[in-house]
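Student: I would like to see how this sequence folds:
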Amino acid sequence: MFNVYILLCEDGYLYTGLTGNLKKRIEEHKSGLSPLTKNRGLIRLVYQESFSTRHLAAKREKEIKGWGRSKKEILINKDNNK
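Tutor: Sure, this is the predicted structure:
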């Protein structure tokens with residue numbers, strides 16, 4: 001199982017990533033092992049999707065990374081209002 005996820009950093013930065021182990025990857029972000037989130041303060045998982053293959057997850061990650069902030073926020077809000 002592969003996950004595409006979005007983190008909200010304390011400074012407002014939205015980070016989109018892909019992982020095969022979501023729990024472990026979030027801990028890596030929180031402990032400063034990811035250069036893009038290392039100095040952005042506290043992080044919070046705000047969105048995630050699961051995929052059966054890495055290929056499908058990578059395709060979705062690329063799609064989301066190509067979006068502007070407002071479109072990502074719509075996705076996050078839609079998911080959180082289920």
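
Student: dump the residue contacts of Leu22.
Tutor: Applying CB atoms under 8 Å, 6 or more residues apart in numbering to Leu22 gives the contacts Asn3, Tyr5, Leu45, Gln48. Where C-beta positions appear, they are placed from N, C-alpha and C, glycine not excepted.

Student: out of these, which one sits closest to Lys65?
Tutor: Ranked by distance to Lys65 (CB to CB), the contacts of Leu22 are led by Tyr5 at 11.9 Å.

Student: Show me how far stretch 27-47 is from its chain's centre.
Tutor: Averaging C-alpha positions (CA atoms, centre = their mean, to the nearest Å) puts stretch 27-47 10 Å from its chain's average.

Student: and it, C-alpha only, in CSV?
Tutor: C-alpha atoms of stretch 27-47 as CSV (Å, rounded to 0.1, in the frame of the first residue of the first chain):
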residue,chain,number,x,y,z
GLU,A,27,7.8,10.7,12.2
GLU,A,28,10.8,11.4,9.9
HIS,A,29,9.3,14.8,9.0
LYS,A,30,8.7,15.5,12.7
SER,A,31,12.2,14.6,13.7
GLY,A,32,13.8,16.9,11.0
LEU,A,33,14.9,14.2,8.5
SER,A,34,13.2,15.9,5.6
PRO,A,35,15.0,19.0,4.3
LEU,A,36,11.8,20.7,3.0
THR,A,37,10.0,20.5,6.3
LYS,A,38,12.9,20.5,8.7
ASN,A,39,12.8,24.2,9.6
ARG,A,40,9.0,24.9,9.1
GLY,A,41,7.9,24.2,12.7
LEU,A,42,5.2,21.8,13.7
ILE,A,43,3.6,19.7,11.0
ARG,A,44,0.1,18.1,10.8
LEU,A,45,-1.2,15.5,8.4
VAL,A,46,-4.2,17.1,6.6
TYR,A,47,-4.8,14.7,3.7
